[in-house]
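Undergrad: Sequence unavailable; structure follows:
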Ligand code: GLA
């Protein structure tokens, strides 16, 4: 890793182990993007790239310069609205006189060791000697604001972390209308975009499509990341596969309203941006204040989509998830939700814990319904005190469960409030709603105004009181509806557009305070399943419930889609009962286990009702979990088939860093008629070609044979077929 400024050539050179990122200062002080991708180092060639002229165009250009210097035609590092760049721009600042014309002109820069945190926001981290940062201060000649671009590099990763902040050194208020986190310009637009779309119970389905002229965008305006899209995009050369080709990724560390846009310009160039969604956003920056935009990560790999995912996984594991649990094996849990829904008491919970402990389960998680008077989803959110009628003294119950050798975890939905709750009766003004009174309801509940300090204080006090009252070692933090009628009573009219971002800052603040109070607490994020699965959340929680859809067949594309950016160790995955509660489908108990073993692993069913055969399978699955989880958590992940699990057959694997241990899963979702595709050939990846690998049944083969010829996966004549097997390198044999 190195960052250099070549003064004569006005060139910034950022180099990770396998990538170069170059930009230079142009004649009008604009930062011109020169190159991002695989390593390049010949000065003459770099200069040629840097001097590449823009095409002449109809668009105006900075005074005193030639027409080919129009900002509309140049690849830029960070664009601004209003001076002739008509593409999507990254920033727009409004002055008191109403103009939003903004400029981003280089003023100075600083290269330093280490990487700073971002106040109030998630940010990737690394010890001082393992990272370095370039900060470039740009001036907006119109408002006088300083726009500071930050680029951090890491010794052990090809990722680049970018962020932007704006400071107001003037005596006047500056309104930030738009401040995106990163922009990436390319001199051509021949890319496929790969991104994640979804809905409740079908989150993060990977889609791939060729970019077309014009703007393509996806975003959230729901107040949180949402089930519908995910705040990241991959740009792949059209021939790129899982294994080969140049691919770029942009991923935002943010859990609120975001936007991702790609614009193929009139000249066939591409601009991509990522950051806070500017719709209904504005931030008033008083003199002396600084605003921080969330961090964005950039990835590049010349080893296709698989290479990019592995870079992202490792980076998130080592530099984003800050929980002490990041690299720890998580306890095998059983969650009572699908077993009981709201209908439980302490006897029922204890009986689930007891049966589970006999089979090797290590933690009981008590889901929704333990607090206030909550017996259905129409009441009590906000009343975070134990329902003694149902549970008696919680500490006593937890002690009993601990005596079974099990840990105990509890569900909360901190950001929500029910109309029928003591909290609402005391503080109706804490609800996020417009003064006109009309409001929308989602799952019978309303959203708390998390931008308010008193709300965050109340939640911290009540939640920590419960957590202190008993030995609670895990929390499931849920969030079951989107924001509507976004208005905060405490903010003046001209600051209302700050509310959504302040909401997210409030959520982060609550996380921060709880983690300070309970540093070892294992928190699992959740939002109606996987509606807030993002790298911002992973800074606070090491795992997130992937989806309310626990059907093993559906989970294949959900979990493989999620793996575009996110590591296996971050994916909450459970074995649930069949017929499945979401799809009514029945698949074998063993397949359910094979899929859930690819995530954090646990159960979500009434374990007291399992047949003896199923109980044996639970014991076996838990044994396998303990044997394999190091590999699943820490190994390199390979999608062995194209299409992110959306076709009928899919396979994936984890390979240990020393390539000696491999775990492979393959599935065929529905059986196919005899004679058609009777078997599919599974070619493994990432093995040592010279090593001899042994299957559990004693068969042996060289790494090269397994990678080149592969192994046939049989066609069982049944829907929902899966196998999982392990290979171990036994010797090197040339
Ligand atoms: C959400 C979660 C579920 C469960 C319920 C409880 O839907 O995704 O796992 O916790 O809430 O109400």
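TA: Great, that's in hand. As the structure is a computational prediction, the values presented were derived from the model and not from experiment. Numbering: from 1, shown residues only.
Undergrad: going forward, measure contacts and count neighbours with C-alpha atoms only.
TA: Fine.
Undergrad: Report the central residue of this structure.
TA: What sits nearest the mean C-alpha location of the chain, by C-alpha atoms, centre = their mean, is residue 534, with 2.4 Å.
Undergrad: Verify the stated contact: it with residue 231.
TA: Yes: the criterion here is C-alpha atoms under 8 Å, and residue 534 meets it with residue 231 at 7.1 Å.
Undergrad: Touching both of these two, which residues are there?
TA: Both residue 534 and residue 231 are contacted by 225, 252, 254, under the criterion C-alpha atoms under 8 Å, 6 or more residues apart in numbering.
Undergrad: From residue 362, how far out is the residue nearest to the centre of the chain?
TA: 27 Å (C-alpha to C-alpha, to the nearest Å).
Undergrad: if we can go back for a sec, just give the nearest non-adjacent residue to the residue nearest to the centre of the chain, would you?
TA: Excluding the flanking residues, the one nearest residue 534 by C-alpha to C-alpha, 6 or more residues apart in numbering is residue 255, at 6.3 Å.
Undergrad: Neighbours of the one you found, how many?
TA: Look at residue 255: counted by other C-alpha atoms under 10 Å, it has 30 neighbours.
Undergrad: quick one: it and the ligand, what's the gap?
TA: Using C-alpha to the nearest ligand atom, to the nearest Å, one obtains 17 Å as the distance from residue 255 to the ligand.
Undergrad: mean confidence score for the helix or strand containing residue 653?
TA: Per DSSP states H and E, residue 653 falls inside strand 649-655. Average pLDDT, strand 649-655: 97.
Undergrad: As a check, name the ranges of all strands in the stretch 601-734 of the chain.
TA: Per DSSP state E, counting those that start in this stretch, the stretch 601-734 of the chain carries strands over the ranges 602-604, 636-639, 649-655, 661-668, 679-682, 691-695, 700-702, 711-714, 721-732.
Undergrad: what's the strand holding residue 653 in contact with?
TA: With contact meaning C-alpha under 8 Å, 6+ apart, strand 649-655 is reached by 556, 631-632, 635-642, 644-645, 661-669, 680, 682, 684, 686-687.
Undergrad: Select only the buried ones of those residues in ChimeraX?
TA: With 16 or more other C-alpha atoms under 10 Å as the criterion, this ChimeraX line picks the buried residues out of the contacts of strand 649-655:
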select :556,631,632,635,636,637,638,639,640,641,642,644,645,661,662,663,664,665,666,667,668,669,680,682,684,686,687
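Undergrad: which residue sits closest to residue 668, ignoring its sequence neighbours?
TA: Using C-alpha to C-alpha, 6+ apart and skipping residues adjacent in sequence, the residue nearest residue 668 is residue 649, 4.4 Å away.
Undergrad: Which secondary structure state is assigned to residue 405?
TA: coil (DSSP: H, G, I helix; E, B strand; the rest coil).
Undergrad: Next, the contact list for it, please.
TA: Contacts for residue 405 (C-alpha under 8 Å, 6+ apart) come out as 357, 362.
Undergrad: pLDDT score for it?
TA: Looking at residue 405, its pLDDT stands at 98.
Undergrad: quick revisit: just checking: what are the partner strands of the strand holding residue 653?
TA: Taking DSSP bridges as the criterion, strand 649-655 forms sheet pairs with strand 636-639 (antiparallel), strand 661-668 (antiparallel).
Undergrad: Next, count neighbours for residue 416.
TA: By the measure other C-alpha under 10 Å, the count of residues near residue 416 is 21.
Undergrad: again with residue 469
TA: Using other C-alpha under 10 Å, the number of residues around residue 469 comes to 13.
Undergrad: Report the contact partners of it.
TA: Each residue near residue 469 by C-alpha under 8 Å, 6+ apart is listed here: 394, 395.
Undergrad: Now it. Its backbone dihedrals?
TA: Main-chain torsions, residue 469, degrees, to the nearest 10: phi -80, psi -20.
Undergrad: thinking again about what came up before, nearest to residue 115, out of the strands of the stretch 601-734 of the chain?
TA: Closest approach to residue 115 among these (C-alpha to C-alpha): strand 636-639, 26.1 Å.
Undergrad: what sits up against the closest one?
TA: 242, 306, 309-310, 560, 651-657, 685-686.
Undergrad: Next, give me the two most distant ones among these.
TA: Counting by C-alpha to C-alpha, the most remote pair of these is 560 and 657, 20.8 Å apart.
Undergrad: between those two, which one's more packed in?
TA: residue 560 (24 against 13).
Undergrad: That one - nearest residue in space that isn't next to it in sequence?
TA: That would be residue 644: by C-alpha to C-alpha, 6+ apart, it lies 5.2 Å from residue 560.
Undergrad: The one you found touches residue 206, doesn't it?
TA: Yes: the criterion here is C-alpha under 8 Å, and residue 644 meets it with residue 206 at 6.2 Å.
Undergrad: okay, and the common contacts of those two?
TA: By C-alpha under 8 Å, 6+ apart, residue 644 and residue 206 have these common neighbours: 557, 561.
Undergrad: any idea how far residue 379 lies from the ligand?
TA: Shown here: residue 379 relative to the ligand, a distance of 11 Å by C-alpha to the nearest ligand atom.
Undergrad: now residue 587
TA: Distance from residue 587 to the ligand, by C-alpha to the nearest ligand atom: 20 Å.
Undergrad: And residue 607, by the same measure?
TA: The spacing between residue 607 and the ligand, counted by C-alpha to the nearest ligand atom, is 17 Å.
Undergrad: pLDDT at that residue, what is it?
TA: Looking at residue 607, its pLDDT is 97.
Undergrad: Give me the neighbour count for it.
TA: Residues lying near residue 607 (other C-alpha under 10 Å) number 23.
Undergrad: do residue 411 as well
TA: Per other C-alpha under 10 Å, the neighbour tally for residue 411 reads 22.
Undergrad: cool, and residue 216?
TA: Neighbour tally, residue 216, other C-alpha under 10 Å: 14.
Undergrad: for residue 30, same thing?
TA: 22.
Undergrad: does it really touch residue 76, like I thought?
TA: Yes: between residue 30 and residue 76 a contact is recorded at 7.4 Å, counting by C-alpha under 8 Å.
Undergrad: about what we covered before: weed out the non-buried ones from the contacts of strand 636-639.
TA: Neighbour counting by 16+ other C-alpha under 10 Å classes 242, 306, 309-310, 560, 651-656, 685-686 among those as buried.
Undergrad: now those residues as TSV including distance to the ligand?
TA: Below are those laid out as TSV (distance: C-alpha to the nearest ligand atom, whole Å):
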residue	distance to the ligand
242	31
306	29
309	26
310	27
560	19
651	27
652	26
653	27
654	27
655	31
656	31
685	34
686	35
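Undergrad: where does the chain come near the ligand, residue by residue?
TA: 367, 368, 526, 527, 528, 529, 548 (C-alpha under 6 Å from any ligand atom).
Undergrad: Closest to residue 283 out of the residues you listed?
TA: Using C-alpha to C-alpha, residue 527 is the member of the residues of the chain next to the ligand that lies nearest residue 283, at 26.8 Å.
Undergrad: Quick one, grab the pLDDT at the closest residue to the closest one other than its chain neighbours.
TA: Leaving aside its chain neighbours, residue 527 sits nearest to residue 479 (4.4 Å; criterion: C-alpha to C-alpha, 6+ apart). With respect to pLDDT, residue 479 scores 98.
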